[in-house]
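**Q** Return atomic coordinates for the entry below.
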Amino acid sequence: MYMDKNYYLKNIDNFISRTMNTYGILFLRYSVGTIFIWFGLLKPLGISPAQDLVANTVYWFEDKMSFVKFLGWWEVVIGLTMCYKPLIRVSIFLLFVQMPGTFLPLVLLPEVCFTNFPFGLTLEGQYILKNLIIISSALVIGGTLNDYKISKK
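**A** Numbering: from 1, shown residues only. The predicted structure is shown next:
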């Protein structure tokens, strides 16, 4: 029996899609968790490339470096709770409490974030803007937590 190439391509495509569906969210969770743990640990260790940016953004704190360390541990907790499925909701809550502060330098320190406002981003500006991907990832991960079915009419 002869099968045309479209049959084989469709089977390969279905296999790839099923595999991505099976493992994609798990990889996304662990990737976001790893990023938060890694970047978070750099702050209390005093070796984060973002530490001066954070310290300059929270100019109203008397002890800025203590805040940077606190923020680092907060990020580690976000990462750990993202990797432990029963605590994903905690992780997403902590992440969404933290995220508005990550965008503050765009407003408070535009000279540090832009070469040409509003589109020319410095490395610091790019570092901040990448958080849009983290926010989107949290939304996707959060969308998988309930087993609900939407009926099609």
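
**Q** Quickly find the element holding the residue positioned nearest the centre of the chain.
**A** Nearest to the geometric centre of the chain sits residue 134, at 2.4 Å (Cα atoms, centre = their mean). Using DSSP states H and E, residue 134 sits within helix 131-142.

**Q** Which positions in that helix come out as buried?
**A** Across helix 131-142, burial judged by 16 or more other Cβ atoms under 10 Å covers 134, 137-138, 141-142. For the C-beta atoms, the positions are set from N, CA and C on the backbone; glycine is no exception.

**Q** Of all pairs in these, which one is the farthest apart?
**A** 134 and 142 (12.4 Å; Cβ to Cβ).

**Q** Spatially, which residue comes closest to residue 56, not counting chain neighbours?
**A** Nearest non-adjacent residue to residue 56, counting by Cβ to Cβ, 6 or more residues apart in numbering: residue 109, 6.2 Å away.

**Q** ok, the one you found to residue 77 distance?
**A** 26 Å (Cβ to Cβ, to the nearest Å).

**Q** Residue 21 now?
**A** To residue 77, residue 21 is 29 Å away according to Cβ to Cβ.

**Q** higher neighbour count, the two?
**A** Just comparing residue 21 and residue 77: by other Cβ atoms under 10 Å the higher neighbour count belongs to residue 77, 18 against 9.

**Q** Run through the residues that contact the more buried one.
**A** Contacts for residue 77 (Cβ atoms under 8 Å, 6 or more residues apart in numbering) come out as 40, 94.

**Q** what kind of secondary structure is it in?
**A** helix (DSSP: H, G, I helix; E, B strand; the rest coil).
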